[in-house]
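*Asks:* give me a model of this one.
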Amino acid sequence: MLQIFRVAGIPVRVDASWLLVFALISWSLASGYFPHVLPQLTPGAAWLHAVTAACLLFASVFLHELSHALVARRQGVRVSGIRLHVFGGVSELEAEPPTPRAEFLIAVVGPLTSFALAAFCYGLGRAGGAVLWLTALTGYLTAVNLIVGLFNLVPGFPLDGGRLLRAMLWWGSGRLGWATHWASRVGSLFAFMLVALGAVRAVAGELVGGLWFILIGLFLHRGAHASASMVHMHDRLAPLRVADVMRYRPSANGDGVAAAPAPAGSDDVVSPESSAWLAFLKTARSRGGRVAVVDHGRLVGVVSHRDLEHAASVEQLRAGAGRRAA
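*Replies:* Take a look at the predicted model:
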């Protein structure tokens, strides 16, 4: 994963898969859409228009995710980054929203941003109607932003619509875990519907389109399952400190060893008093699956993803034993 820039202190990263879908979208536009709507274009000009449109498409996806990230920070939720990948993008939040209202605001702003971008592109196209290439470009961007906004409103977790559904279920029940469970079930149902639709399209002869629907459905099902699991992991690890989980590496005098200074919020450093949940998120992003534990500039230990998963399992067993004893 490559970090390309920061916005308001939020790192923006791209997966290698993003390059693949960028190339596919550019090829599709250069060979299909632009030659169809602007038949006078040369092949080179069609590719130039296509690459420009693909860049603006991902700029739109980025703005959609940035709106989530900025509202999340206003609601007191830390954001570790924005990641662009083969199916779009995701804002990586370090905690669950504190209230159903916060969840609602963080979720709804993404589709609203996409609709605002669609309206802007539509207006720009109308204003420059005599410029054919501008009309073609803004027409494409209007359509895709509208589709992105509508698709994200589908009430299937982890889509924005699924998060809106979770916010309403949470508000009505007062139980985040229960709301997440049912929003994830709806998300999985929608994912299976996409897979079935993709299979039908593939059998009918639309092989590429059908396979794409199947891949999106499988991605959403995996996301729904993973999101529900992350909520359970958060519930188990949030009460623990890193000091409860870390493996110590004291020096001979017991004071630890000097560590290279790291900026606050560094992705490969936590303190002993940090939440074990924060360490879990950082080890998940770490290449080696572990992070250093530094206290006042001295290395005092290390914590790994495996350590944290084990601690979460122990907490689950304790919680189960407590329920049986009650």
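*Asks:* pLDDT score for T142?
*Replies:* If you check T142, the pLDDT there is 96.
*Asks:* and what of A46?
*Replies:* 92.
*Asks:* count the neighbours of the residue nearest to R6 when sequence neighbours are not counted for me.
*Replies:* Leaving aside its sequence neighbours, R6 sits nearest to V12 (CB to CB, 6 or more residues apart in numbering; 6.7 Å). Yep, even glycine has a C-beta here, placed from its N, CA and C like the rest. By the criterion of other CB atoms under 10 Å, V12 has 19 neighbours.
*Asks:* and V12, how far is that from G88?
*Replies:* 14 Å (CB to CB, to the nearest Å).
*Asks:* could you do G205 as well?
*Replies:* Counting by CB to CB, the gap from G205 to G88 is 27 Å.
*Asks:* more neighbours: these two, which one.
*Replies:* A count of neighbours by other CB under 10 Å puts G88 above the other of G205 and G88, at 21 against 8.
*Asks:* that one pairs with what?
*Replies:* Beta-bridge partners for G88, by DSSP bridges, are H85.
*Asks:* repeat that for V270.
*Replies:* Going by DSSP bridges, V270 forms beta bridges with V293.
*Asks:* who's in contact with it?
*Replies:* By CB atoms under 8 Å, 6 or more residues apart in numbering, the residues touching V270 are 242, 278-279, 282, 291-294, 303.
*Asks:* cool, and G289?
*Replies:* Per CB under 8 Å, 6+ apart, neighbours of G289: 283, 304-306.
*Asks:* what about the strands in the stretch 101-250 of the chain?
*Replies:* 247-248 (DSSP state E, counting those that start in this stretch).
*Asks:* so where's it shaky on pLDDT?
*Replies:* Low-confidence segments of the stretch 101-250 of the chain, defined by pLDDT under 70, span residues 249-250.
*Asks:* would you map the helices across it?
*Replies:* Applying DSSP state H, counting those that start in this stretch to the stretch 101-250 of the chain gives helices spanning 132-152, 160-173, 176-203, 207-237.
*Asks:* list the buried residues of the longest one.
*Replies:* When neighbours are counted by 16 or more other CB atoms under 10 Å, the buried residues of helix 207-237 are found to be 210, 212-214, 216-217, 219-221, 223-225, 227-228, 230-231, 233-237.
*Asks:* do the same with the shortest one
*Replies:* When neighbours are counted by 16+ other CB under 10 Å, the buried residues of helix 160-173 are found to be 160-170.
*Asks:* repeat that for stretch 7-24.
*Replies:* 10-15, 18, 21-22.
*Asks:* now render the residues you listed as a markdown table, adding distance to T113.
*Replies:* Conversion of these to a markdown table gives the following (distance: CB to CB, whole Å):
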| residue | distance to T113 |
| --- | --- |
| I10 | 15 |
| P11 | 20 |
| V12 | 16 |
| R13 | 20 |
| V14 | 20 |
| D15 | 22 |
| W18 | 20 |
| V21 | 20 |
| F22 | 21 |
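*Asks:* secondary structure element holding the closest residue to F22 other than its chain neighbours?
*Replies:* Leaving aside its chain neighbours, F22 sits nearest to A54 (5.6 Å; criterion: CB to CB, 6+ apart). Assigning secondary structure by DSSP states H and E places A54 in helix 43-74.
*Asks:* which parts of that helix are buried?
*Replies:* For helix 43-74, the neighbour count (16+ other CB under 10 Å) marks 46-47, 49-51, 53-54, 56-58, 60-73 as buried.
*Asks:* do stretch 136-144 as well
*Replies:* Buried residues in stretch 136-144 (16+ other CB under 10 Å): 136-138, 140-142, 144.
*Asks:* likewise for stretch 23-37?
*Replies:* Neighbour counts over stretch 23-37 (16+ other CB under 10 Å) mark 25-26, 29-30, 33-35, 37 as buried.
*Asks:* one step back: possible to save the buried residues of stretch 136-144 as CSV with distance to F151?
*Replies:* Below are these laid out as CSV (distance: CB to CB, whole Å):
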residue, distance to F151
A136, 23
L137, 21
T138, 20
Y140, 16
L141, 15
T142, 15
V144, 10
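*Asks:* related to what we said a few turns ago, in TSV: the contacts of V270, plus neighbour count and distance to V131.
*Replies:* Shown next, in TSV, are the contacts of V270 (neighbours: other CB atoms under 10 Å; distance: CB to CB, whole Å):
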residue	neighbour count	distance to V131
V242	27	58
L278	20	50
A279	29	54
K282	24	49
V291	27	52
A292	19	56
V293	27	59
V294	22	57
V303	26	57
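*Asks:* tell me the one of those residues nearest A183?
*Replies:* Closest to A183 out of those is L278 (24.1 Å), distances taken as CB to CB.
*Asks:* report the contact partners of the closest one.
*Replies:* 94, 242, 270.
*Asks:* let's see 10 Å
*Replies:* Applying CB atoms under 10 Å, 6 or more residues apart in numbering, one finds that L278 lies in contact with 78, 80, 94-95, 237-238, 242, 265, 270-271, 291.
*Asks:* understood, closing this out.
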